[in-house]
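Give me a model of this one.
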Amino acid sequence: MMKKLIALLLFTIFLISILSGCVFSAGTLGGFESHVFNTSKRKVERSIDSLYSKNPQYLIPENWKEFDSWSQRGYDFLDSRMFYFDSGPQEMYYVSFIGDSNEKEPQDREQTELAIRAVFHQSEGWRYEREMSLSERKRIVNRFTTEIIIPLENYIKEQ
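Got it, this is the predicted structure:
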């Protein structure tokens, strides 16, 4: 009897989460196409640290920190980073490690993946890839590749 009650409770929670648009899995967050680095997560993390230290403009300014609400949304299990862009358009990217790359402890794997999960604009809030036009998605990917991915690849080579 107790097993049936627990199963019914879990099924009810599942239905409520679907109807409210709040599903408890990372896959529902979606995201832009991931970028694969042919190196360990540890090296990618060190490269991100180097990028932030040499380019502090990518760090979230104090007046935007209130918009970093991913922990409250239930995504604190993702190993993620934020990248802020001050020049037009002013926006912030929520980026996370993907798949095996998302393990909390850095592993010495041969590949590490990162992907933009959402983009924030003050006037629009957080938006997912599926909510954007093709031209906006291309602009975001180009900006991320040019300003973040290419420098990260260069920092990785320097290690």
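
C-terminal to the host helix or strand of residue 143, what's the next element?
Assessed by DSSP states H and E, residue 143 sits inside helix 134-144. Sequence order places helix 150-158 as the next helix or strand after helix 134-144, per DSSP H and E.

residues of that next one that come out buried?
Neighbour-count burial for helix 150-158 flags 151-153, 155-156 (criterion: 16 or more other CB atoms under 10 Å). All C-beta spots, glycine's among them, are computed from the backbone N, C-alpha and C.

Looking at those, which is nearest residue 113?
Proximity of the buried residues of helix 150-158 to residue 113 (CB to CB) peaks at residue 152, which lies at 12.4 Å.

For residue 131, give me the pLDDT.
pLDDT recorded at residue 131 is 93.

Equivalent analysis for the one 3 residues further on, please.
On the pLDDT scale, residue 134 is placed at 95.

Using CSV, write down the CA coordinates of stretch 110-129.
Provided in CSV are the C-alpha atoms of stretch 110-129 (Å, rounded to 0.1, in the frame of the first residue of the first chain):
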residue,chain,number,x,y,z
GLU,A,110,40.0,14.0,-23.3
GLN,A,111,37.0,16.2,-24.2
THR,A,112,35.0,18.8,-22.3
GLU,A,113,31.8,20.5,-23.6
LEU,A,114,30.4,23.9,-22.9
ALA,A,115,27.1,25.3,-24.1
ILE,A,116,25.1,28.5,-23.7
ARG,A,117,21.9,27.6,-21.9
ALA,A,118,20.1,31.0,-21.7
VAL,A,119,20.7,34.7,-22.5
PHE,A,120,19.6,37.6,-20.3
HIS,A,121,18.6,41.0,-21.5
GLN,A,122,17.2,43.5,-18.9
SER,A,123,14.2,44.3,-21.0
GLU,A,124,13.3,40.6,-21.8
GLY,A,125,14.7,38.6,-18.9
TRP,A,126,16.2,35.2,-19.4
ARG,A,127,15.5,33.6,-22.8
TYR,A,128,16.2,30.2,-24.2
GLU,A,129,17.5,29.4,-27.7
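
Next, the buried residues of that stretch.
Within stretch 110-129, the residues that count as buried by 16+ other CB under 10 Å are 112-120, 126, 128-129.

Tell me where this structure has strands.
Secondary structure of the chain by DSSP state E: the strands cover 35-37, 80-85, 91-97, 112-121, 125-127.

Reformat the ones you listed into CSV and put mean pLDDT and distance to residue 51 next to each item.
Listed next are the strands of the chain as CSV, based on pLDDT from 0 to 100; distance: least, CB to CB, whole Å:
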stretch, mean pLDDT, distance to residue 51
strand 35-37, 95, 13
strand 80-85, 94, 9
strand 91-97, 93, 12
strand 112-121, 93, 12
strand 125-127, 92, 22
